[in-house]
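In: Sequence first, then the predicted structure:
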Amino acid sequence: MATDEARSPDIPAGWRQFLSPGRVAWTLVCVGLVLDVATTTVGLSRGLVESNPIVRGVMVHLGPLGAMVALKGVVFVVGVAAWSRCPAPYRYLVPAGMAVPWLLAGTANAMLLVRAVG
């Protein structure tokens, strides 16, 4: 019977826990969220326009930063609730489903900002 030590003899136990799939997945969610909000905020301040009509509509009422924090906050809370109730084999699909679009949006925003400056 194999143990974690037998499968990963070169990785100390503390690092295995630190680099657990759950921590990595939720870290990517947080990085994607911050990247998307930051690049969107900078882009809007430089004259670019939000492409999502729903977000644009909420921005009218809450302002750009308020709208992004409110909408992403709701998604984050729903994601954590769904993650906590998902069966173990499928649990990491929830943060992946949040991280991928936010990371892609933040990357696309960053590329637009680079083009706008250059």
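Out: That came through, no problem. Residues are numbered from 1 along each chain as shown.
In: so how far is residue 25 from residue 57?
Out: Separation of residue 57 from residue 25 (C-beta to C-beta, to the nearest Å): 30 Å. From N, CA and C alone the C-beta is placed, and that goes for glycine too.
In: between the two, which one's more packed in?
Out: The residue with more neighbours, out of residue 57 and residue 25, is residue 25; 18 against 11, by other C-beta atoms under 10 Å.
In: Pull the residues that contact the helix or strand encompassing the more buried one.
Out: Using DSSP states H and E, residue 25 maps to helix 21-45. Residues outside helix 21-45 that contact it (C-beta atoms under 8 Å, 6 or more residues apart in numbering): 50, 64-65, 68-69, 72, 76, 79, 91-92, 95-96, 98-103, 105-107, 109-110, 112-113, 116.
In: got the buried residues for it?
Out: 25-26, 28-29, 32-33, 35-37, 39-40, 43-44 (16 or more other C-beta atoms under 10 Å).
In: State the mean pLDDT of that helix.
Out: Taken as a whole, helix 21-45 has a mean pLDDT of 94.
In: Check the offset of the helix or strand where residue 64 lies from the chain's centre.
Out: Secondary structure here is read from DSSP H and E; on that basis residue 64 sits in helix 53-85. In terms of C-alpha atoms, centre = their mean, to the nearest Å, the centre of helix 53-85 is set 12 Å apart from its chain centre.
In: what residues does the following helix or strand past that helix touch?
Out: Scanning forward in sequence from helix 53-85 by DSSP H and E, the next helix or strand is helix 93-117. Residues from elsewhere that reach helix 93-117 (C-beta under 8 Å, 6+ apart): 22, 25-26, 28-29, 31-36, 38-40, 42-43, 46-48, 72, 75-76, 79, 82-83, 86.
In: related to what we said a few turns ago, could the buried residues of helix 21-45 go into TSV alongside distance to residue 13?
Out: Shown next, in TSV, are the buried residues of helix 21-45 (distance: C-beta to C-beta, whole Å):
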residue	distance to residue 13
25	20
26	20
28	23
29	25
32	29
33	30
35	31
36	34
37	35
39	37
40	40
43	43
44	45
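In: Could you list the low-pLDDT ranges of the chain?
Out: For the chain, the stretches with pLDDT under 70 are 1-9, 17-18, 118.
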